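Peer 1: how would this look folded up:
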Amino acid sequence: MKQLDTELMHPSEQINVIIGRIYRSGMTTTSGGNISIRDSNGDIWITPSGIDKGSLTPKDIMCIKQDGTVIGPHTPSSEFPFHKAIYQARPELNAVIHAHPPGLVAFSIARRIPDTNIIPQARYICGEIGYAPYGTPGSEDLGAKIAAQFLNLKYKAVIMENHGVVLGGTDMMDAYQRFETLEFCCRTLVNAGMLGNINTLTDDQIQQYQGLIPHNIARFMDVSYPSEERALRSEMVKIIRRACDQGLMISTYGTASIRWKGDDFLITPTDVVRWDIIPGDIVQIRNGMAEAGKTPSRAVALHQRIYQENPQINSIITTQPTNLMAYAVSGKKFDVRTIPESWIFLQDMPSVPFGSQYRNTDKVAKMFNKNSAIIVENDCVIVTGKNLLQAFDFLEVAEFSANSLVMATAVGPLCPIGDEEIEDLRVAFNVK
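Peer 2: Model (predicted):
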């Protein structure tokens, strides 16, 4: 992934950006959580204690020098002892994130470690996860217990008993992506558990899956960027950032594409954090080849086949929102007969087996002759539209409907719209 530009961005600026993202994403509270960076001098930069996380600026970030001198206008986080202990235990780690996001706290309270083998990339990003016994917040005892876990070189993430989570990274973006992905896994597991079942992948399945992904796409050199193509790039960037803001994509996963002309299209790259994507990052696909110097999404072959098979489709989004992914992980049928809008837009949203988009690309592409969206078990959802805004709208509707269905499991038996009402909708809205 393309990182925050650590050569140009000061540690206090990096911390300010990431704590802002964590707060706006609902993964910490005004007073909760703390993050830090160890710089090349060995100084530790850390969020202050008791200052509103929603209004921090780089000037609020504190610095603790190697000799213990404190620089800055506030008091350093009370959790500084365990940040320091982690850095001492793991010299290769230069960033630490501690927070209390709801999904991870749920596992912390239940005293369980989440199984990240629910989607292929999660185990790679998160790694194995440690577990630290309870310690008083801010105490040297808690720092020692956490550091003891980090002495195991397999762990870059540790669940804190009845507290939350702490994660390390080689840099701030590495730590953040691990944090965000782990919380995504926890929320998906919680939602899937509410549906009644959780299907995980074996290590062999994940390894075989990686072998199915096409990697060797040809490149072309004579790239041109006419004004209409540039406009599509800008449109994609706006929607991708909007999807991140609404929790429909995370920094490490989410693909969008737009048909440009004929079967040529634009698609997101693999190596850019979704939050930070700019128009110049978008990859042009022409005659099945990618513009030189960029690596398109691993879903590029699937998107190409969908466009070739379905001239009515002009945009595709592949992503992993947590409520829809609960259905992908549980194997439960996602019944869109929840509210009229859901059925009118989606009608049906079938599931296909894990890896189908690579094993049976042609078959999956042809499914979009009748379906606007499908679920790939333990992987993703794929949503299409006549333009990018419509595809995004369909994605929102599907995720909102999935959220309602998951919540409804705590209320009582589900009562979807009946066949007679569906037929009325079919006639009233001319649905075939």
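Peer 1: only C-alpha atoms for contact and neighbour calcs from this point on.
Peer 2: OK.
Peer 1: count of neighbours near K366?
Peer 2: By other C-alpha atoms under 10 Å, the residues close to K366 number 16.
Peer 1: shouldn't it be in contact with I306?
Peer 2: Yes - K366 sits in contact with I306 when judged by C-alpha atoms under 8 Å, with a separation of 7.1 Å.
Peer 1: pretty sure E128 contacts L153?
Peer 2: No - with contact defined as C-alpha under 8 Å, E128 and L153 do not form a contacting pair (9.7 Å).
Peer 1: Tell me how far S372 lies from R298.
Peer 2: 21 Å (C-alpha to C-alpha, to the nearest Å).
Peer 1: who has more neighbours, those two?
Peer 2: Regarding S372 and R298, a neighbour count based on other C-alpha under 10 Å identifies S372 as having more, with 23 against 17.
Peer 1: so what's the more buried one up against?
Peer 2: Listed by C-alpha atoms under 8 Å, 6 or more residues apart in numbering, the contact partners of S372 are 346, 349, 383-385.
Peer 1: low pLDDT regions in the protein?
Peer 2: For the chain, the stretches flagged by pLDDT under 70 are 1-7.
Peer 1: ok, and what's touching stretch 263-277?
Peer 2: If you take C-alpha under 8 Å, 6+ apart as the criterion, stretch 263-277 is touched by 1-3, 233, 237, 240-241, 244, 249-260, 281-288, 294-298, 300, 304, 307-308.
Peer 1: same check, this time on stretch 19-34
Peer 2: Taking C-alpha under 8 Å, 6+ apart as the criterion, the residues outside stretch 19-34 that touch it are 35, 46-54, 56, 77, 79, 97-102, 245, 247.
Peer 1: Of the contacts of stretch 263-277, which belong to strands?
Peer 2: 255-260, 283-286 (DSSP state E).
Peer 1: would CSV of the residues you listed with neighbour count be doable?
Peer 2: As requested, those are arranged in CSV below (neighbours: other C-alpha atoms under 10 Å):
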residue, neighbour count
T255, 24
A256, 28
S257, 29
I258, 29
R259, 25
W260, 17
V283, 24
Q284, 28
I285, 24
R286, 18
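Peer 1: Between all of the residues you listed, which two are separated the most?
Peer 2: T255 and R286 (17.6 Å; C-alpha to C-alpha).
Peer 1: Find the residue at the geometric middle of the chain.
Peer 2: When C-alpha atoms, centre = their mean is applied to the chain, the residue found nearest the centroid is I250 (2.5 Å).
Peer 1: list the contacts for the closest residue to that one other than its chain neighbours?
Peer 2: Across the structure, with C-alpha to C-alpha, 6 or more residues apart in numbering as the measure, the residue nearest I250 apart from its sequence neighbours is C244 (5.8 Å). Counting by C-alpha under 8 Å, 6+ apart, C244 makes contact with 250-251, 274-275.
Peer 1: What is the distance between stretch 59-68 and the centre of its chain?
Peer 2: Centroid separation for stretch 59-68 versus its chain: 31 Å, with C-alpha atoms, centre = their mean, to the nearest Å.
Peer 1: again but with stretch 186-204, I slipped
Peer 2: For stretch 186-204, the distance from its own C-alpha centre to the chain's C-alpha centre is 16 Å (C-alpha atoms, centre = their mean).
Peer 1: Using PDB, write out the CA atom coordinates for it.
Peer 2: Listed in PDB are the C-alpha atoms of stretch 186-204, where the atom choice follows Å, rounded to 0.1, in the frame of the first residue of the first chain:
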ATOM      1  CA  CYS A 186     -14.500  -8.400  14.600                       C
ATOM      2  CA  ARG A 187     -17.600  -6.500  13.500                       C
ATOM      3  CA  THR A 188     -18.200  -9.000  10.700                       C
ATOM      4  CA  LEU A 189     -17.800 -11.900  13.100                       C
ATOM      5  CA  VAL A 190     -20.200 -10.300  15.600                       C
ATOM      6  CA  ASN A 191     -22.800  -9.800  12.800                       C
ATOM      7  CA  ALA A 192     -22.400 -13.200  11.400                       C
ATOM      8  CA  GLY A 193     -22.700 -14.700  14.900                       C
ATOM      9  CA  MET A 194     -26.100 -12.900  15.200                       C
ATOM     10  CA  LEU A 195     -27.200 -14.600  12.000                       C
ATOM     11  CA  GLY A 196     -26.300 -17.900  13.600                       C
ATOM     12  CA  ASN A 197     -23.200 -19.300  11.800                       C
ATOM     13  CA  ILE A 198     -19.600 -18.400  11.000                       C
ATOM     14  CA  ASN A 199     -17.600 -20.100   8.200                       C
ATOM     15  CA  THR A 200     -13.900 -19.600   8.200                       C
ATOM     16  CA  LEU A 201     -11.200 -20.400   5.700                       C
ATOM     17  CA  THR A 202      -8.400 -22.800   6.100                       C
ATOM     18  CA  ASP A 203      -4.800 -21.700   5.500                       C
ATOM     19  CA  ASP A 204      -4.800 -24.100   2.500                       C
END
